[in-house]
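In: Next comes the sequence, and after it the predicted model I'd like to discuss.
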Amino acid sequence: MEIIFQIIHYLLSFFESSSYLGIFFLMLLESTLVPIPSELIIPPAAYLAYQGKMSLIGVVISGILGSLVGALINYYLALNFGRPAFLHFIKKYGKYVLLTEYSFQKMEKFWDNHGHISTFIGRLLPGLRHVISIPAGFARMELFLFCLYTTLGAFLWCSFLAFCGYFFGKNEILLKKYIHKGSYGIVIFCILLIGFYVWFKLKKTEKTNNHL
């Protein structure tokens, strides 16, 4: 806990000097594979907004833009470098690890059908937030849809963290408590959203079959 408090106080000083550009840069790194938790970035910046040293809207927008640019870096790396290398690996060694071009095509088809909901939910869940852009790049997800759902997910996550930092930032223990509670709430929201999405898809398929 002492180390976390020191990091938070360091970030407060960092954001006072670097302002929104610092938030953007750290959130960009957080959306790549650099292990910087967004929980240590947005709340301290939002607390500065509570003190009147920054704008809360500016904090959220900087966080969203940083998340989007970082996600785009992963997307393009996966699309232009990871995809060709992975396909080459499948052709050469896939039979040894039970991977085929057909299974890769199935993954692409899945992303064509469900990439939007996968990207959106991935931006909200810990552990997936940093890597969800990679399968989207592999599957050549449409760029506009990728940006749209990445931005929506980042908006919800950054707004939640900013809310916690703004109202509870002066009490680190209380801040940690509400971030944990809110994170559980977001996981439950994602589970319900997936359930509704599956139900909607099944109903749509059933309706289509009935018309045939």
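Out: On my side now, so go ahead. Residues are numbered from 1 along each chain as shown.

In: List the contacts of the most centrally placed residue in the chain.
Out: The centroid of the chain falls nearest to R123 when counting by CA atoms, centre = their mean (2.5 Å). With contacts defined as CB atoms under 8 Å, 6 or more residues apart in numbering, the neighbours of R123 are S67, A71, R129, I132, Y149, T150, L152, G153, A154, L156, W157. Bear in mind the C-beta positions are built from the backbone N, C-alpha and C, glycine included.

In: Hmm, the fourth one is touching T119, no?
Out: Yes. Assessed by CB atoms under 8 Å, I132 is found in contact with T119 at 5.9 Å.

In: Can you classify L125 by secondary structure?
Out: coil (DSSP: H, G, I helix; E, B strand; the rest coil).

In: and if you look at V34?
Out: Quick answer, by three-state DSSP: V34 is coil.

In: a markdown table for the contacts of R123, including secondary structure, distance to Q51 and neighbour count?
Out: Formatted as a markdown table, the contacts of R123 follow (DSSP: H, G, I helix; E, B strand; the rest coil; distance: CB to CB, whole Å; neighbours: other CB atoms under 10 Å):
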| residue | secondary structure | distance to Q51 | neighbour count |
| --- | --- | --- | --- |
| S67 | helix | 24 | 26 |
| A71 | helix | 30 | 29 |
| R129 | coil | 28 | 21 |
| I132 | coil | 34 | 26 |
| Y149 | helix | 33 | 22 |
| T150 | helix | 30 | 26 |
| L152 | helix | 29 | 16 |
| G153 | helix | 28 | 24 |
| A154 | helix | 24 | 26 |
| L156 | helix | 25 | 16 |
| W157 | helix | 23 | 24 |
